[in-house]
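Asker: Task: produce atomic coordinates for the following.
(2 chains)
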There are 2 protein chains.
Amino acid sequence: MKIPRLYVENAEKHENRKVVVEEDGKVIRFLDEEEEYCGEGKILYQVIYDDFDNYILMGTVSRDMLIEYEVGGIKQITYIKKGTRLLEIPAEGYKVYPIVDFGCRVLEGHRVAALQSKKGDVRFANTPVNGIVLFLKEVPSKRENYVFYILPEKEIRFEEE
Amino acid sequence: MKIPRLYVENAEKHENRKVVVEEDGKVIRFLDEEEEYCGEGKILYQVIYDDFDNYILMGTVSRDMLIEYEVGGIKQITYIKKGTRLLEIPAEGYKVYPIVDFGCRVLEGHRVAALQSKKGDVRFANTPVNGIVLFLKEVPSKRENYVFYILPEKEIRFEEE
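Answerer: Here you go, the predicted model:
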């Protein structure tokens, strides 16, 4: 699988590529490496995809972001606005085998990972909501540990609201 | 689930919405209903999503198309060029229960549908390739019959090529 490209607003340290979002997402414009832009759109800069979780605070997307996934001439673009809430699903075990990856749409109850205990028993981590997998983080720890970041189809609301 | 919007090039009968693709996909511009466009980009017109398979001939996309899927302020856009080959996976049985739907990324061996025989035996239809589900067609017939249209990650080549 090719690695998707991640672009975020106000990135301090960034790669050369840029994308401009105009009129609240009505126009999406990829710039060439040296291309200058002087319109009124929001400029998003390419950052390292593996740093995705740096832009998530308490389950909320902290900056506008755009994910570009290109395979064989087909371009898939996902534009996520600041303030969008994501669901984080942990998967921990002696061995963890992720079943889904970036871009997978998952339906309620789908398995996202198989978890194997030291004795060899297998359980599964499931998603409680319909949504799209945006990122899969491997957390360094003694046991194998992953977090799935899922963009839910229905907005998540906290109880105190 | 919300229904995705499908836009195609040179649509004869179409809805009001339009999207313009400029510079081979570098710029994607959604037009307002009454907005006129006079640049050099390709205009794609919204058509009925259920007519998706009208634009597929012998497994090949016959016109440039763009699928827009919008949920809660998040926009996902897939731009597919004319000539792209899709994989069609049939699923037929006494009862057919689709497991995946539009937008699901599937990995080789994943189940796409459960097929139940009249006796109650259950088998599964699987995908032989990694890819993205673009469309799910219900074919009218005596037995339940679906076709999954999958955009493969790796281009499909026929043997005679």
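Asker: Domain map for chain A?
Answerer: A:5-80, A:87-155 (automatic domain parsing).
Asker: Mean pLDDT added to those, as JSON lines?
Answerer: Output for the domains of chain A, formatted as JSON lines (pLDDT from 0 to 100):
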{"stretch": "domain A:5-80", "mean pLDDT": "90"}
{"stretch": "domain A:87-155", "mean pLDDT": "91"}
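Asker: Turn those domains into a markdown table, including distance to chain B and mean neighbour count.
Answerer: The way it works is simple: take the backbone N, C-alpha and C, and place the C-beta from them, glycine included. Converted to a markdown table, those look like this (distance: least, CB to the nearest CB, whole Å; neighbours: other CB atoms under 10 Å in any protein chain shown):
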| stretch | distance to chain B | mean neighbour count |
| --- | --- | --- |
| domain A:5-80 | 4 | 17 |
| domain A:87-155 | 4 | 17 |
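Asker: Turn those domains into JSON lines, columns for distance to residue B:44.
Answerer: Formatted as JSON lines, the domains of chain A follow (distance: least, CB to CB, whole Å):
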{"stretch": "domain A:5-80", "distance to residue B:44": "14"}
{"stretch": "domain A:87-155", "distance to residue B:44": "22"}
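Asker: in chain A, which residue is closest to the centre?
Answerer: residue A:134 (2.8 Å; CA atoms, centre = their mean).
Asker: Name the SS class of residue A:39, please.
Answerer: coil (DSSP: H, G, I helix; E, B strand; the rest coil).
Asker: Wait, it touches residue A:20, no?
Answerer: Yes: with contact defined as CB atoms under 8 Å, residue A:39 reaches residue A:20; the gap is 7.0 Å.
Asker: Would you mind measuring from the closest residue to residue A:14 other than its chain neighbours to residue A:144?
Answerer: Among residues not flanking residue A:14 along the chain, residue A:45 sits closest, at 3.8 Å (CB to CB, 6 or more residues apart in numbering or on different chains). Noted for residue A:45: a distance of 32 Å to residue A:144, by CB to CB, to the nearest Å.
Asker: need the contact list for the residue nearest to residue A:106 when sequence neighbours are not counted.
Answerer: Once flanking residues are discounted, residue A:106 sits nearest to residue A:127: 4.7 Å by CB to CB, 6+ apart. The neighbours of residue A:127, taking CB atoms under 8 Å, 6 or more residues apart in numbering or on different chains as the test, are A:87, A:89, A:106-110, A:112, A:148, A:150.
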